[in-house]
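J.: Got a sequence here, can you build the structure:
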Amino acid sequence: MRFSTLLALSMGVFLAGCAGVVDPRKTAAATAAPTSSGVPAQVKAASAPTVAPAPPALYTAPLSPIASANINSRSVASLAAPNDIWDRIRRGFAMPDLDNDLVRDKEQWYASRPEYLQRMTGRSNRYLFHIVEEIERRGMPSELALLPFIESAFNPQAVSSARAAGMWQFMPATGESFDLKQNVFRDDRRDVLASTEAALDYLQQLHDRFGDWHLALAAYNWGQGNVNRAITRNQKAGLPSGYADLDMPAETRQYVPKLQAVKNLVALPDSYNVRLPDIGNHPFFDTISISQDIDVALVIRLAEINEADFHALNPSLKQPVIMAAGTPQILLPWDNANVFEQRLAEYKGPLASWTVWVVPKTISISEAAKRVGMNESELRSVNNIPPRMQVRAGSSLLVLRSAQRDSDVSEYVADNARLSLQPETIARRSTAVRVRSGDTLSGLARRYGMSTASLAKLNNLSPRARLRAGQRIDVVASNRVVVTRESTLSAKRASSSRKSASSSKLKVKSTAAGKKSKNSRAAKSQRSSTKKTPSKVAAKKKK
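T.: Presented below is the predicted three-dimensional model:
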């Protein structure tokens with residue numbers, strides 16, 4: 001009894017002492033304030049008699065046993081600066097985790113290919129800092145910085161079978177909707193700054209629409225219209241409409257699990273026996289403003305970098321000249337950017353040796369080369385023009401500067417340049433053909449790759465002249481028609497195409513014969529012909 005009594009008294013004294021502890025900030029604030037009499041509270045308190053507080057009642061509820069708790073380290077903010085870019089990305093993870101067999105399958109796939117993972121992460125070191133900066137500025141989840149691993153393996157020159165291009169894999173139409181210019185001089189879907197801004201804009205729009213990052217990612221891969229229809233189908237059927245509940249293509253079904261797998265490898269690389277390359281938490285490149293057209297070769301020389309490094313940071317450029325009106329900024333490695341600016345300020349020679357000539361009319365490459373004073377093969381090479389092609393009016397050709405053409409390229413041409421080609425018409429020896437019933441000048445011209453006017457001129461006829469069955473007409477076949485047919489018809493469809501062509505000839509004959517119905521002799525011949533040939537009757541009824 002003595003021990004229990006002593007314990008109770010000790011607890012009472014302890015609790016009384018705790019109750020007497022006062023927050024010094026509150027005490028200072030209270031005593032510093034003057035009273036109504038003008039005497040500071042701390043002076044009055046010193047003169048007032050001290051009254052001991054009454055001891056509080058003891059809390060007699062039973063105590064719970066102390067148990068361990070799981071603490072999520074990501075919920076605890078660290079005051080220390082990130083060690084590297086990977087650490088910075090980990091701190092910004094904000095998407096809900098996906099955990100299923102597909103995720104584990106993709107984890108194994110990446111972890112079992114260390115060489116591929118090293119190439120992919122090695123390429124990312126040029127771009128990750130900028131992407132993370134943009135994502136944090138917008139307050140978006142840092143998992144999105146890993147999306148180019150899934151889209152392009154961080155290769156800005158990547159092109160998919162569906163013609164999606166760049167690090168973020170923009171389709172042509174989607175790129176245009178985000179003002180990513182695509183012409184013969186540049187493709188902004190590959191531009192590091194422009195494509196990153198457009199991709200994050202697009203992802204934010206998708207998240208605003210669907211209210212879920214997994215659905216937003218599915219829409220980025222599959223298209224927002226397809227995701228919206230899949231959600232609508234599930235809702236009409238009374239089914240859940242989350243990412244895991246939708247019926248979607250296999251590629252989209254695996255899209256988010258791939259990103260989750262990469263996220264897991266970045267979060268815990270040691271657990272997967274993965275080594276991430278050292279990427280510092282600092283900029284890799286600097287942005288340089290360009291006010292005048294300048295040759296790529298000159299930039300490389302002044303900045304003291306190699307060509308591969310330049311194009312890795314400026315992958316949108318297709319030509320040997322940078323057009324300031326269309327590309328007012330270029331990227332250079334951080335240290336080399338300062339070197340370039342200093343040496344450019346000291347440089348006294350011409351900056352650009354190329355400009356653009358807009359072709360006034362459709363001409364051959366040989367004629368174009370004469371007009372601009374260039375070698376034909378060089379003109380073909382720099383503009384990527386294949387043999388036996390001519391340039392159509394309005395096309396933009398990159399040409400060497402001269403006294404007549406020595407100005408920078410305008411903004412309109414830099415943004416809207418196009419190169420339109422057509423096959424050269426190489427004439428073969430004229431051949432006489434016998435006109436069949438129903439043949440017309442226009443029909444023969446199409447058959448042999450000629451214009452109606454040229455066919456009429458070759459035979460001294462009016463373009464509207466009617467032909468007689470058995471009449472002999474001179475025709476000239478051209479390579480243009482042969483090339484077009486061979487390029488559009490596959491071997492498997494050759495037979496069916498010939499049958500279709502034969503059927504169309506019958507239709508042309510029937511139409512031509514119908515126009516001659518005023519001539520009773522021709523009409524009679526047409527009626528007897530259709531009676532004898534069932535296929536012609538069928539073709540006529542079908543038409």
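J.: Assess the claim that Met374 and Arg401 are in contact.
T.: No - if you go by Cβ atoms under 8 Å, Met374 and Arg401 don't touch, sitting 10.9 Å apart. No exception for glycine: its C-beta is placed from N, CA and C like everyone else's.
J.: how about the strands in the stretch 201-350 of the chain?
T.: In the stretch 201-350 of the chain, the strands defined using DSSP state E, counting those that start in this stretch lie at 285-289, 294-295, 321-322, 329-333.
J.: Please identify the most buried of those.
T.: strand 321-322 (a mean of 26; mean count of other Cβ atoms under 10 Å).
J.: helices and strands around that one, which ones?
T.: Packing partners of strand 321-322 (3 or more Cβ pairs under 8 Å, 6 or more residues apart in numbering; DSSP states H and E): strand 294-295, helix 296-303.
J.: ok, 10 Å please
T.: Where contact means 3 or more Cβ pairs under 10 Å, 6 or more residues apart in numbering; DSSP states H and E, strand 321-322 is packed against strand 294-295, helix 296-303, strand 354-358.
J.: got any ranges where the stretch 101-250 of the chain has weak pLDDT?
T.: The stretch 101-250 of the chain contains no residues with pLDDT under 70.
J.: coming back round to it: dump the strands of the stretch 201-350 of the chain into a markdown table; add mean pLDDT and distance to Asp270 as well.
T.: What follows is the strands of the stretch 201-350 of the chain, written out as a markdown table (pLDDT from 0 to 100; distance: least, Cβ to Cβ, whole Å):
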| stretch | mean pLDDT | distance to Asp270 |
| --- | --- | --- |
| strand 285-289 | 98 | 30 |
| strand 294-295 | 98 | 47 |
| strand 321-322 | 98 | 44 |
| strand 329-333 | 98 | 31 |
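J.: So for Ser442, which of these sits nearest?
T.: strand 321-322 (45.6 Å; Cβ to Cβ).
J.: ok, residues contacting the closest one?
T.: For strand 321-322, the external contacting residues (Cβ atoms under 10 Å, 6 or more residues apart in numbering) are 185-186, 290, 292-299, 314, 327-330, 351-356, 382, 398, 401, 408-409, 414.
J.: partners of that strand, with directions?
T.: Strand 321-322 pairs in its sheet with strand 294-295 (antiparallel), by DSSP bridges.
J.: Other residues contacting the partner strand?
T.: By Cβ under 10 Å, 6+ apart, strand 294-295 touches 301-302, 319-324, 327, 330, 344, 347, 350-354, 408.
J.: do stretch 376-387 as well
T.: Under Cβ under 10 Å, 6+ apart, the answer for stretch 376-387 is 184, 318-321, 354, 364-375, 389, 391, 395-400, 419, 421, 423-424.
J.: can you rerun that using 6 Å?
T.: The contact list for stretch 376-387 (Cβ atoms under 6 Å, 6 or more residues apart in numbering) reads 365-366, 369, 397-398.
J.: just those now: which is nearest Arg253?
T.: Nearest member of the contacts of stretch 376-387 to Arg253, counting by Cβ to Cβ, is Leu398, at 44.7 Å.
J.: Quick check: the gap between that closest one and Asn384.
T.: 10 Å (Cβ to Cβ, to the nearest Å).
J.: For the two, indicate the residue with more neighbours.
T.: Using other Cβ atoms under 10 Å as the criterion, Leu398 and Asn384 rank with Leu398 on top: 23 against 12.
J.: So for that one, what's the pLDDT?
T.: On pLDDT, Leu398 comes in at 98.
J.: for it, what are its contacts?
T.: 319, 354, 356, 382-383.
J.: how close does it get to Ala417?
T.: Counting by Cβ to Cβ - Leu398 and Ala417 are separated by 9 Å.
J.: and Leu98, that's in a helix?
T.: No - checked against DSSP: H, G, I helix; E, B strand; the rest coil, Leu98 lies outside a helix; its state is coil.
J.: returning to that earlier point: tell me which of the helices and strands packed on strand 321-322 is the most buried.
T.: Greatest average neighbour count among the helices and strands packed on strand 321-322 goes to strand 294-295 (a mean of 20), per mean count of other Cβ under 10 Å.
J.: and that strand, how far out from the chain's middle?
T.: How far strand 294-295 lies from its chain's middle: 26 Å, per Cα atoms, centre = their mean, to the nearest Å.
J.: Nearest the middle, which residue of the protein would you pick?
T.: Closest to where the C-alpha atoms of the chain average out (Cα atoms, centre = their mean) is Phe170, at 2.1 Å.
J.: Excluding sequence neighbours, find me the nearest residue to Ala230.
T.: Using Cβ to Cβ, 6 or more residues apart in numbering and skipping the chain neighbours, the partner closest in space to Ala230 is Leu246 (4.3 Å).
J.: The one you found: how many residues sit nearby?
T.: So Leu246, with other Cβ under 10 Å, has 22 neighbours.
J.: ditto for Glu115
T.: By other Cβ under 10 Å, neighbour count at Glu115 equals 7.
J.: For Val132, list the residues it contacts.
T.: Residues in contact with Val132 (Cβ under 6 Å, 6+ apart) are 88, 145.
J.: so it is in which element?
T.: helix 128-138 (DSSP states H and E).
J.: And the next helix or strand past that helix?
T.: helix 147-151.
J.: distance between that following helix and the chain's centre?
T.: On Cα atoms, centre = their mean, the centre of helix 147-151 falls 11 Å from the chain's centre.
J.: buried ones in that helix?
T.: Using 16 or more other Cβ atoms under 10 Å as the test for burial, helix 147-151 gives 147-151.
J.: sorry, back to before: angle of the helix holding Val132 against strand 285-289?
T.: Taking axes from the mean of the first three to the mean of the last three Cα atoms, to 10 degrees, one finds helix 128-138 and strand 285-289 inclined to each other by 80 degrees.
J.: Just the CA trace of helix 128-138, in PDB.
T.: Provided in PDB are the C-alpha atoms of helix 128-138 (Å, rounded to 0.1, in the frame of the first residue of the first chain):
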ATOM      1  CA  LEU A 128      15.600  16.200 -68.000                       C
ATOM      2  CA  PHE A 129      16.500  19.300 -66.000                       C
ATOM      3  CA  HIS A 130      14.500  21.500 -68.400                       C
ATOM      4  CA  ILE A 131      11.500  19.200 -68.300                       C
ATOM      5  CA  VAL A 132      11.400  18.900 -64.500                       C
ATOM      6  CA  GLU A 133      11.700  22.700 -64.300                       C
ATOM      7  CA  GLU A 134       8.700  23.200 -66.500                       C
ATOM      8  CA  ILE A 135       6.700  20.500 -64.700                       C
ATOM      9  CA  GLU A 136       7.400  22.000 -61.300                       C
ATOM     10  CA  ARG A 137       6.600  25.500 -62.500                       C
ATOM     11  CA  ARG A 138       3.100  24.200 -63.600                       C
END
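J.: before we move on, back to that, out of the contacts of Leu398, which is nearest to Val103?
T.: So of these, ranked by how close each gets to Val103 (Cβ to Cβ), first place is Gln319, at 43.5 Å.
J.: Run through the residues that contact the closest one.
T.: Neighbours of Gln319 in contact, by Cβ under 6 Å, 6+ apart: 185, 398.
J.: Could you double-check that Thr362 sits in contact with Arg392?
T.: Yes - using Cβ atoms under 6 Å, Thr362 is in contact with Arg392, at 4.8 Å.
J.: separation between the residue nearest to Leu298 when sequence neighbours are not counted and Thr452?
T.: Leaving aside its chain neighbours, Leu298 sits nearest to Leu351 (6.5 Å; criterion: Cβ to Cβ, 6+ apart). With distances taken as Cβ to Cβ, Leu351 is found 51 Å from Thr452.
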